[in-house]
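**Q** Next come a sequence and a model predicted from it.
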Amino acid sequence: MVVPGSQHIEDKMYHPPEGLQKDAHVPDFNCYLELYKKSIEEPDVFWKEVASDFYWKKPPTGQILQYNFDVTKGNIYVKCMEGATTNMCYNVLDRNVKDKNLGERVAFYWEGNSPDHHEAITYGQLLGQVCRCSNTLKQMGVRKGDRVAIYLPMIPELVYTMLACTRIGAVHSIVFAGFSAESLCERIMDSQCSILVTADGVYRGEKLINLKQIADEALEKCREKCLARLQTLLPDPYQTSPIKNQIKSRLSIPQQNLLHSRRQTPWDAACDVCWEEVMGQVSEQCEPEWLDAEDPLFILYTSGSTGKPKGVLHTVAGYLLYTSLTFKYVFDHQPDDVYWCTADIGWITGHSYITYGPLANGATSVLFEGIPVHPHVGRFWEVIEKYRVTKFYTAPTAIRLLMKYGLDPVQKYDLSSLRILGTVGEPINPEAWHWYHEVIGQKRCPVVDTFWQTETPRSGLLLQVFRRPWPGIMRTVYGNQERFESTYFKKFPGFYVTGDGCRRDKDGYYWIAGRIDDMINVSGHLLSTAEVEASLTDHGAVAEAAVVSRPHAVKGECLYCFVTLKDCREFNRTLVDELKRQVREKIGPIATPDFIQNAPGLPKTRSGKIMRRVLRQIARNEKDLGDLSTMADPKVVEVLFNHRCETAS
């Protein structure tokens, strides 16, 4: 691997130890190049070999990968294993239990928020619980193609529910359990979910988060929005006609059902269903629904530059092949591994590298509910020692946070089991990379990464595009094919535009340089500046808002907000607190701004476009602003510098 940094280590190469290379699936770069060449020149042969390890009720009838990336030639589409039928849940559970005799192997070591809460779940036990959940969902009326919203912490029930959906052909939409009621409502409405699975609450460290209360608020917002839409379309609430019934069916959400794993909360018997009660009444046997290869698997919402989150749709066969292959090769999975990804399943990394990829390989994983510093700053290292973790995969934010506590917490624990380290989700600075490699990996563990389009430092010189698809590429934006095509394919017909910049070094390596649109990566969470700005301007005192990124020692990036107030409104501490609270409530705690600055005016071009380049420089207190000739009122710059947040100096 190549790591950038100070001049004396620039372009330094870090080779894996010979012992690790010896039995690796991809032992050296030449082997990698052979695999890559085969995947490009003989894609059908390459992916058929990958597919041969899985069960297909019916084999494919045509080419393994078919696609059109050129909007001038028709609708954009990608198809993988067309004509084949299979089931994701069967391949990651039944196949391991029945065909590979792994029923007694531990699938997950669940480690709760408190070290006192832990559980080992075998593949056989996992299959039984998933079948029970499948039967429960079917009893509640869930059928193939229905959408199920899941708003759960990192507890085993989250895995049970998502796999139960895949077993019966339902489409899961997991919402990170740190999002607000408004964000949850928006996602339920967009995907028209019929059931919401949640929990009473969750402790994050010592803080209790009442998930049921948030879920109840979200459902009430759904009802209000549905009613408002119906009243707009049908002013007479007593009007009865076929068109009214059709609209109600399309726009409204059927009676919501809440499956509870912890019941200590207000209860509405008309719609609430207790997890423990229903799960105990159903069978551990459930036949899987055999699905077409291109049937939808899940919807996962990601922030959009327009402020409206996009429901990214993935399909069954392609996601199975891609996550199983990348997990096996990137982490060099071996049968005796204990693997731990610290991400939340509510994000794409968790979908891929906590659930589907590891289970498809029969891996043993750690499922972690807690946070890195609770109940002490050595919690990560304690868990690694406890389970003899061999492959450890975490975020740069966590690495930078733990660096602050020095070597003492690390040296108390035995980390000798580690063989490979991983980092994902956001930029990692050279200092953090070297600490991770030298202190945690003791200079003997390679550090790997996975590409999810926002991985490395922001400095893009080129726009990264792809000419061909891979099995796990997104298929569409749910319910909005036009947005899918315009966002990813219209800029350069014939290419998939990732939205990332990149640069190519003198050795031919490509360095992914982060988003080129108005997105900010905060602790691995991709946030839309437009979404945050919309939350700020919803406040009665705010006339206009602009949000940019600012470097942060732990988060990588943080939100720096400029707000222009309406006439006669005073900018003070109380208002700042109100604005932060409003963003938290509308989007979630992850979007809470670090800085909110009074901006009597914003730098704009003569056509009225906000010059975010200038705002980013002001947020960083960098006086060299470059060319300001297009700015309508250059005097605004001096005013903004004078109003900078003191703590941002």
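**A** On my side now, so go ahead. In this text the structure is predicted, and so the values were computed from the model without any measurement. Numbers count the residues shown, from 1 in each chain.

**Q** How about the contacts made by the closest residue to E119 other than its chain neighbours?
**A** Of all residues not flanking E119 in the chain, W110 sits nearest, at 4.5 Å (C-beta to C-beta, 6 or more residues apart in numbering). All C-beta atoms are positioned from the backbone trio N, CA, C, and that covers glycine. Listed by C-beta atoms under 8 Å, 6 or more residues apart in numbering, the contact partners of W110 are 118-121, 155-156, 367, 369.

**Q** If we use 10 Å, what do you get?
**A** Contact analysis of W110 by C-beta atoms under 10 Å, 6 or more residues apart in numbering lists 117-121, 154-156, 159, 365-369.

**Q** which of these count as buried?
**A** Buried subset of those (neighbour count, 16 or more other C-beta atoms under 10 Å): 118, 121, 154-156, 159, 365-369.

**Q** Which stretches in the stretch 251-400 of the chain count as helices?
**A** Ranges of helices within the stretch 251-400 of the chain are 275-279, 316-330, 348-350, 357-360, 379-387, 396-403, based on DSSP state H, counting those that start in this stretch.

**Q** Among these, which comes closest to L35?
**A** Nearest to L35 among the helices of the stretch 251-400 of the chain is helix 316-330 (8.0 Å), distances taken as C-beta to C-beta.

**Q** For the closest one, what is the distance to the chain centroid?
**A** Relative to its chain's centre, helix 316-330 lies at 17 Å (C-alpha atoms, centre = their mean, to the nearest Å).

**Q** Quick one: mean pLDDT for it?
**A** On average, the pLDDT along helix 316-330 is 96.

**Q** Residue numbering should commence at 30 henceforth.
**A** Done: numbering now begins at 30, and the last item shifts to helix 345-359.

**Q** quick one: buried residues of the biggest helix by length in the chain?
**A** Criterion DSSP state H: the longest helix present in the chain is helix 240-262. Residues of helix 240-262 classed as buried: 240-241, 243-248, 250-251, 254-255, 258-259 (neighbour count, 16+ other C-beta under 10 Å).

**Q** who does it touch, helix- and strand-wise?
**A** Packing contacts for helix 240-262, counted by 3 or more C-beta pairs under 10 Å, 6 or more residues apart in numbering; DSSP states H and E, involve strand 176-180, helix 210-220, strand 224-227, helix 271-280, strand 287-289.

**Q** on that earlier part again, now, the contacts of W139 that are in strands?
**A** 147-150, 394-397 (DSSP state E).

**Q** does V79 really touch L94, like I thought?
**A** No. Contact criterion C-beta atoms under 10 Å: V79 and L94 do not qualify, at 11.7 Å.

**Q** before we move on, the earlier item: grab the two from the contacts of W139 that are most spread out in space.
**A** H146 and S394 (17.1 Å).

**Q** weakest of the helices and strands packed on helix 240-262 by average pLDDT?
**A** Across those, helix 271-280 gives the lowest mean pLDDT, at a mean of 24.

**Q** Can you pull out the low-pLDDT segments for the protein?
**A** 30-40, 262-293, 332-336, 455-456, 480-491, 541-547, 635-637, 656, 658-659, 676-678 (pLDDT under 70).

**Q** Can you give me the neighbour number for V476?
**A** Using other C-beta atoms under 10 Å, V476 is surrounded by 19 other residues.

**Q** So what sits opposite it in the bridge?
**A** Taking DSSP bridges, one obtains L450 as the residues bridged to V476.

**Q** give me every residue that touches it.
**A** V476 touches 30, 32, 43, 45, 449-452, 457, 462-463, 465-466, 469-470, counting by C-beta under 10 Å, 6+ apart.

**Q** Same question for F137.
**A** Contacts of F137 by C-beta under 10 Å, 6+ apart are 148-152, 154-155, 185, 188, 383-384, 387-388, 392-397.

**Q** Kindly confirm my reading that L62 forms part of a helix.
**A** Yes. According to DSSP: H, G, I helix; E, B strand; the rest coil, L62 belongs to a helix.

**Q** which residues in the stretch 480-629 of the chain form helices?
**A** 510-517, 558-566, 602-615.

**Q** Can you lay out the ones you listed as TSV showing mean neighbour count and distance to L64?
**A** Listed next are the helices of the stretch 480-629 of the chain as TSV, based on neighbours: other C-beta atoms under 10 Å; distance: least, C-beta to C-beta, whole Å:
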stretch	mean neighbour count	distance to L64
helix 510-517	16	26
helix 558-566	21	39
helix 602-615	16	45
